[in-house]
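Enquirer: got a predicted structure here, sequence first:
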Amino acid sequence: MSDLAAASVRWPRFAPAAIDAGFASVHAVPMRAAGIVLGALGLFDTQPGELNDADLLVGQSLAHIACVAILQERAPTASTVVPRLHAVLACRVVIEQAKGFVRERLDVSVEQAFTLLRGYAGTHRVHLTDVSRQLISEPNARPAILAAMTATNAAPSARL
């Protein structure tokens with residue numbers, strides 16, 4: 001997206017957050033290995049505009065390096081890449097759902113919700129994915145987790 005200011009209708013949450021963080025444009029470069037798209041490398045700029053050829057080449061090179069780093073231990077095949085990607089994406093989905101849940105329940109920003117989740121996981125020595133999964137799938141665990149998150153921070157109704 002060459003101008004994030006014009007993207008608020010298409011991306012009503014992402015565009016304003018990126019603008020608030022000081023960015024004016026974002027471009028995605030696909031990360032591919034063995035014909036499989038592994039993800040995308042986001043290139044953020046503080047100025048609006050399209051990528052020039054030199055910047056695109058650098059972005060493609062960085063995306064390639066990232067793919068090599070991700071897959072260096074095994075040759076990329078559908079049987080090795082796809083299960084790993086599914087596992088990573090499943091964890092990420094659970095964490096994103098938990099961030100949204102905490103954001104809504106504690107009336108905080110998404111970034112603050114993530115900070116609270118990470119803090120809880122670190123304090124209680126549990127994996128971030130595990131605490132996220134508890135919040136999403138174990139309703140009886142929610143009150144204690146939310147209470148612990150707010151006990152070391154401001155009141156639930158206050159912005160953290």
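Expert: Structure's in. What do you need?
Enquirer: list the buried ones in the lengthiest helix in the chain?
Expert: Ranked by residue count under DSSP state H, the longest helix found in the chain is helix 78-106. For helix 78-106, burial by neighbour count (16 or more other CB atoms under 10 Å) applies to 81, 91, 94, 95, 98, 99, 101, 102, 103, 105, 106. Glycine gets a C-beta too; all of them are placed from N, C-alpha and C.
Enquirer: for those, which one is nearest residue 132?
Expert: The shortest approach to residue 132 among the buried residues of helix 78-106 belongs to residue 98, at 3.5 Å (CB to CB).
Enquirer: distance-wise, check the closest residue to that closest one other than its chain neighbours relative to residue 96.
Expert: On the basis of CB to CB, 6 or more residues apart in numbering, the spatially nearest residue to residue 98 that is not a chain neighbour turns out to be residue 132, at 3.5 Å. Using CB to CB, to the nearest Å, one obtains 8 Å as the distance from residue 132 to residue 96.
Enquirer: swap in residue 47?
Expert: Here the criterion is CB to CB. By it, residue 47 lies 29 Å from residue 96.
Enquirer: still on that earlier bit, and the helix or strand hosting the residue nearest to residue 98 with helix 78-106, angle?
Expert: Assigning secondary structure by DSSP states H and E places residue 132 in helix 128-137. With axes from the mean of the first three to the mean of the last three CA atoms, to 10 degrees applied, the angle from helix 128-137 to helix 78-106 works out at 60 degrees.
Enquirer: just to revisit the earlier point, who are the packing partners of the longest helix of the chain?
Expert: For helix 78-106, the packing partners by 3 or more CB pairs under 8 Å, 6 or more residues apart in numbering; DSSP states H and E come out as strand 36-45, helix 110-123, helix 128-137, helix 142-151.
Enquirer: follow-up on the earlier one: how about the helix holding residue 132: buried residues?
Expert: Neighbour-count burial for helix 128-137 flags 128, 129, 131, 132, 133, 134, 135, 136 (criterion: 16+ other CB under 10 Å).
Enquirer: and residue 48, that one's in a helix?
Expert: No - counting by DSSP: H, G, I helix; E, B strand; the rest coil, one finds residue 48 to be coil, located in no helix.
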